[in-house]
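Novice: Pasting the sequence and the predicted model now:
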Amino acid sequence: MTPWVLIGIGVLIAGFALRFNPLLVVMAAALATGIAAHMSLVETLEAFGKAFNTSRYVTIIYIVLPVIGILERHGLQERARHLIGRMRGATVGRLLIGYLLFRQFTAALGLTSIAGPAQSVRPLVAPMAEAAADAQAPDRDREDETVPAMAAATDNVGLFFGEDIFIAIGSILLMKGALESYGIVLEPFQLSVWAIPTAVAAFVIHGVRLMLLDRKLGRRQ
Amino acid sequence: MIGLGFLYTVAGLTFLVFAVLSAIDAAHPKRFGNAGFYALIALSFLAGDWLGDRGNGALVLALVAIAGFGLVGRGGAATTSQEERKAEAARRRDRLFLPALIIPAAALTGTFAFKQFPALVDPKQATLVSLAFGVIIALAVCYAWLRPKPATPFREGRRLMDGVGWALVLPQMLASLGAVFAAAHVGDVVGALAGSAIPQGSVIGAVLAYGLGMALFTMVMGNAFAAFPVMAAAIGVPLLIRQYGGDPAVIAAVGMLAGFCGTLMTPMAANFNLVPAALLELKDRNAVVKAQIATALPLLAFNIAMLYWFGFR
């Protein structure tokens, strides 16, 4: 065990800070770590290639893009904006708080892939939030990316702090397995119940931030 | 049995069509770079299990080379104008939402329905398989209703994919870097460092090192799953549980959630933080991370307080 293996983390931080292409940076970090750990280049590349192949499932989600693309071509985003325009009480804060609740609740039931950046944020939630912001502050700065960024952030907060309440989610099973290797046996339910207080806290903290965003944007005109 | 194999085939074919459409798009300034990039991803999905570790490593090197030389990018693919879209949205009304809602509805029903047929659909992949069926049904509805030319949905999909660009493989790249870190025992070194930073006999010091260590190491790895075994081995089990008698359920569950707070604050969690910014066409690549920090920090403090108060009742 040599502390030199931490060099990969240094390469990563330096590479990102100097704005090299992130794929190059990650590859360089992997090779540097491998050299520090006395692995041969081929060995490092094989370990990398093997993990790349087993993690392909994170890239499957892009199969939704043809459906989203054809619907956007025929006006899906515009209709989403129109829908929010018609709803008199709709503000960015209320819309995103509702979405946060929906995302936490469905994730807690294990339904983590029914929404997400490609499936719901880009075609529906982000344009709706923009439309609500336009109604609240018609002369706001169009270059300001706070509202769409908050829509994506809300999706993540809802997912992360909902999914751990579900007993069969990966992280619960990982914890159960890791503790078992130390002779500590727990039921998934004992772990998932402790995700509830943090889920409530996440809802309150993020909800308050969304209400503050509403206050900043003002009432609907 | 329908499972990952089916999903990889669907994804592989989708990327293959993206590759062909890029190659024949004469107006695209980076047509061949994009075509090669998508073709390699298609190859990975369709034949990754036959390439072997070395073959997959070579495939990754080729992807990195294409992206590193700046050969991947957006093109000016023709689509409808905003006025046309507005007019069509007014004509088609709320029915436009239906195909988009088919996908989550199918994922929802399929998840529960397929659990009854474990011989037919791999229960572990029931949601993703149902999502893929939802996509196929929604696409069929779009063809029947909107009557596009056969290639149009894929041309529009490719346009959105171009917007994400090389970032689309960054999550897989970072997962692979995590595997190299694991092979090089980076976790052991980090764990030893975190362990040595704690003053003897201080419960609160150990709780702080564990909670902050989970968040920080997650930020480095981009993934709380990689950080948890390391911090559990270094601090969680030997100190918090064994020496100070903490409740293992709280130490584990809330520790993991402290790690999730770290996930919100790092560009290394590319699929959650960088890909959405690219999909939303934001100019600031880190806009989503920045929007999350003010939620993540107080929530991290909450989790550390939970560890201290409820872990040691």
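Specialist: Cool, the structure landed.
Novice: Got the phi and psi for the residue nearest the centre of chain B?
Specialist: Geometric centre of chain B, nearest residue: residue B:271, 3.3 Å, by Cα atoms, centre = their mean. Phi and psi for residue B:271, reported as degrees, to the nearest 10, are phi -70, psi -30.
Novice: Please determine how far the nearest residue to it once chain neighbours are set aside is located from residue B:30.
Specialist: Distances taken as Cβ to Cβ, 6 or more residues apart in numbering or on different chains put residue B:171 closest to residue B:271, at 3.8 Å, once the chain neighbours are dropped. Backbone N, C-alpha and C define where each C-beta goes, glycine included. Look at residue B:171 and residue B:30: by Cβ to Cβ, to the nearest Å, they are 22 Å apart.
Novice: I figured the residue nearest to residue B:271 was touching residue B:270, is that so?
Specialist: Yes. Counting by Cβ atoms under 8 Å, residue B:171 does reach residue B:270; the two are 4.8 Å apart.
Novice: Of the two, give the one with the bigger neighbour count.
Specialist: Using other Cβ atoms under 10 Å in any protein chain shown as the criterion, residue B:171 and residue B:270 rank with residue B:270 on top: 25 against 21.
Novice: Surely the more buried one and residue B:167 touch.
Specialist: Yes. Between residue B:270 and residue B:167 there is a contact at 6.5 Å, judged by Cβ under 8 Å.
Novice: list residues touching both of those two?
Specialist: residue A:22 (Cβ atoms under 8 Å, 6 or more residues apart in numbering or on different chains).
Novice: just so I have it, where are all the helices in the chain?
Specialist: No chain in the question, so chain A it is. Ranges of helices in chain A, per DSSP state H, are A:7-17, A:22-36, A:41-54, A:65-73, A:76-86, A:92-108, A:126-136, A:146-163, A:170-180, A:188-192, A:196-217.
Novice: actually chain B
Specialist: In chain B, the helices defined using DSSP H lie at B:4-23, B:31-68, B:82-92, B:97-114, B:126-146, B:152-164, B:170-183, B:186-196, B:203-221, B:224-231, B:248-263, B:270-279, B:287-311.
Novice: Could you report the distance from the spatially closest residue to residue A:210 that is not a sequence neighbour to residue B:68?
Specialist: Closest residue to residue A:210 apart from its sequence neighbours, by Cβ to Cβ, 6+ apart: residue A:93 at 4.2 Å. For residue A:93, the distance to residue B:68 (Cβ to Cβ) stands at 42 Å.
Novice: Between these two, tell me which one has more neighbours.
Specialist: residue A:93 (23 against 19).
Novice: So the more buried one versus residue A:180, what's the distance?
Specialist: 43 Å.
Novice: OK, contacts around residue A:122?
Specialist: A:68, B:160, B:276, B:279, B:280.
Novice: and residue B:281, backbone torsions?
Specialist: Dihedral angles (degrees, to the nearest 10) for residue B:281: phi 60, psi 40.
Novice: what's around the closest residue to residue A:12 other than its chain neighbours, how many residues?
Specialist: The shortest distance from residue A:12 to any non-neighbouring residue, by Cβ to Cβ, 6+ apart, is to residue A:29 (4.5 Å). Around residue A:29 there are 25 other residues, counting by other Cβ under 10 Å.
Novice: residues in contact with residue A:29?
Specialist: A:8, A:9, A:11, A:12, A:15, B:177.
Novice: 6 Å instead, please
Specialist: Contact partners of residue A:29, counting by Cβ atoms under 6 Å, 6 or more residues apart in numbering or on different chains, are A:8, A:11, A:12, B:177.
Novice: now do residue B:75
Specialist: By Cβ under 6 Å, 6+ apart, the contact list for residue B:75 reads residue B:28.
Novice: can we see that at 10 Å?
Specialist: Listed by Cβ atoms under 10 Å, 6 or more residues apart in numbering or on different chains, the contact partners of residue B:75 are B:22, B:25, B:27, B:28, B:29, B:30, B:31, B:34, B:158, B:159, B:162.
Novice: Can you give the contact residues for the lowest-mean-pLDDT helix or strand in chain B?
Specialist: None of the helices or strands of chain B scores lower by mean pLDDT, DSSP states H and E than helix B:186-196, at a mean of 82. For helix B:186-196, the surrounding residues in contact (Cβ under 10 Å, 6+ apart) are A:1-9, A:33, A:36-37, B:177-178, B:180-182, B:185, B:206, B:209-210, B:212-214, B:216-217, B:220-221, B:226-227, B:229-236, B:238-239.
Novice: how much space is there between the most centrally placed residue in chain A and residue A:115?
Specialist: Ranked by distance to the mean C-alpha position of chain A (Cα atoms, centre = their mean), the top residue is residue A:156 at 3.5 Å. Per Cβ to Cβ, residue A:156 is found 11 Å from residue A:115.
Novice: And residue B:79, by the same measure?
Specialist: 25 Å.
Novice: Report the buried residues of the helix or strand of chain A with the lowest mean pLDDT.
Specialist: Lowest by mean pLDDT, DSSP H and E among the helices and strands of chain A is helix A:170-180, with a mean of 85. Neighbour counts over helix A:170-180 (16 or more other Cβ atoms under 10 Å in any protein chain shown) mark A:171, A:172, A:174, A:175, A:176, A:178, A:179 as buried.
Novice: Pipe the residues you listed into a markdown table and attach distance to chain B per row.
Specialist: Conversion of the buried residues of helix A:170-180 to a markdown table gives the following (distance: Cβ to the nearest Cβ, whole Å):
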| residue | distance to chain B |
| --- | --- |
| A:171 | 5 |
| A:172 | 8 |
| A:174 | 6 |
| A:175 | 4 |
| A:176 | 8 |
| A:178 | 5 |
| A:179 | 6 |
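Novice: If we only consider these, which is nearest to residue B:246?
Specialist: Relative to residue B:246, the closest of those is residue A:179; by Cβ to Cβ it sits at 12.2 Å.
Novice: Alright, that wraps it up for me.
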